[in-house]
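**Q** Here is the input, now give the coordinates:
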Amino acid sequence: MPKFLKHIFFTFLIAGFFSTALWAGNSMDDDETFIVQQIPVKEDASYVKPKKYDEGFKEKYKGNEYIYDKEQANDTWLSRLIDWIEETAQEWFNLGSREEASDFVKDTLNIVYVIVILLVVFFIVRSLMNGEGRWIFGKQSKNRVINYEDVNTNIHITDFNTLINEATTKADYRLAIRYQYLNMLKKLDASAIIAFDPEKTNLDYTYEITDEGLREQFQYTSYLYNYVWYGEFDINETQYQKAQESFNVLLKNVAA
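**A** Take a look at the predicted model:
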């Protein structure tokens, strides 16, 4: 048999084999499909009672514990702490849901914030009323006239010479400078150069002094007083004597 005829015969043989296998497979699929389609469907004729839900039932499932699509990235130590606080509040106070517990915690924190703010304001006001405002508003305090509770509310009846001598005897030169300053205001007021008022500042008194030379002396002695008293600067006897001389020169000019 020629070689090319062998090739043709072998090709048809292979093709016939695959076509037979394919036809057999399709026949089996058709038979199985036909058999499945012939299975009867049983109809369920039993009565099913419709389920009724209470009004507002969805409100019960709005808490954080019913949210299942939270991102894992939000699970931090802070979020875990908040969850623990809400769970504890819900358990201790018999709250109905996590949402109620969350609202309760937020309201409680708001109240705590308000209390803290009120306490801070209270201590600030109390420190100012006690004459300690310079610790908070140091720069502004330097222009304020000091409170006179520990001396006298009325400088006109206070014997500052005696107080000055007592302070220098105790070597409390800082306190002596304070009394020197108050005595200076007393003399200026008595001479109608200024009108004394505990609420006035050194700058207010400066505007009231019309004599230019006296005004410059007052500004310098006020500077000494502010530096020593409000700056809480301890001075020695020599420094005090130099400052006392400046006060005495001003008082001599007032008396002249």
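**Q** Touching stretch 247-256 from outside, list them.
**A** Outside stretch 247-256, the residues within contact range by CB atoms under 8 Å, 6 or more residues apart in numbering are 180-181, 183-184, 187-188, 191, 193, 213-214, 217-218, 221. (Each C-beta comes from the backbone N, C-alpha and C, glycine too.)
**Q** Swap in 6 Å and give it another go.
**A** By CB atoms under 6 Å, 6 or more residues apart in numbering, the surrounding residues in contact with stretch 247-256 are 180, 184, 187, 191, 214, 217, 221.
**Q** out of everything not next to it in sequence, what's closest to the fourth one?
**A** Which is residue 191. Of all residues not flanking residue 191 in the chain, residue 254 sits nearest, at 5.3 Å (CB to CB, 6 or more residues apart in numbering).
**Q** what's around that neighbour, how many residues?
**A** The local packing of residue 254 (other CB atoms under 10 Å) involves 17 other residues.
**Q** same deal with residue 179?
**A** What residue 179 shows, counting by other CB under 10 Å, is a neighbour count of 23.
**Q** Torsion angles phi and psi at it?
**A** For residue 179, the backbone dihedrals are phi -70, psi -30 (criterion: degrees, to the nearest 10).
**Q** before we move on, the earlier item: the residue nearest to residue 191 is in what secondary structure piece?
**A** In the assignment (DSSP states H and E), residue 254 maps to helix 237-255.
**Q** Pass me the low-pLDDT residue ranges in the stretch 151-256 of the chain, would you?
**A** For the stretch 151-256 of the chain, residues meeting the criterion pLDDT under 70 lie at 151-153.
**Q** Pull out the buried residues from the helix holding residue 254.
**A** Buried residues in helix 237-255, counted by 16 or more other CB atoms under 10 Å: 240, 243-244, 246-247, 250-251, 254.
**Q** So which of those residues is the closest to residue 228?
**A** Distance to residue 228 across the buried residues of helix 237-255 (CB to CB) is lowest for residue 243, with 7.2 Å.
**Q** which non-adjacent residue is nearest the closest one?
**A** In space, residue 243 is closest to residue 224, 5.0 Å off (CB to CB, 6+ apart).
**Q** What separation is there between that neighbour and residue 183?
**A** Distance, residue 224 to residue 183, using CB to CB, to the nearest Å: 14 Å.
**Q** End to end on stretch 165-180, go ahead and measure it.
**A** Stretch 165-180 has an end-to-end distance of 11 Å (criterion: CA to CA, to the nearest Å).
**Q** picking up where we left off before, most neighbours out of the contacts of stretch 247-256, which is it?
**A** Counting neighbours by other CB under 10 Å, residue 180 leads these with 26 neighbours.
**Q** check contacts around it.
**A** By CB under 6 Å, 6+ apart, the contact set of residue 180 is residue 247.
**Q** and residue 195, how many neighbours?
**A** Neighbour number of residue 195 under other CB under 10 Å is 11.
**Q** related to what we said a few turns ago, which one of the contacts of stretch 247-256 is nearest residue 207?
**A** Using CB to CB, residue 214 comes nearest to residue 207 of the contacts of stretch 247-256, at 12.9 Å.
**Q** Confirm that closest one sits in a helix?
**A** Yes: assessed by DSSP: H, G, I helix; E, B strand; the rest coil, residue 214 belongs to a helix.
**Q** ok, and the closest non-adjacent residue to it?
**A** In this structure, residue 214 finds its nearest non-sequential neighbour in residue 253, 5.7 Å apart by CB to CB, 6+ apart.
**Q** Quick check: that neighbour vs residue 213, distance?
**A** The value you get for residue 253 to residue 213, if CB to CB is used, is 7 Å.
**Q** do the same with residue 96
**A** Distance of residue 96 to residue 213, given as CB to CB: 82 Å.
**Q** Same question for residue 79.
**A** Counting by CB to CB, the gap from residue 79 to residue 213 is 73 Å.
**Q** Not counting sequence-adjacent ones, nearest residue to residue 204?
**A** Distance criterion CB to CB, 6+ apart; nearest residue to residue 204, sequence neighbours excluded, is residue 197 at 7.8 Å.
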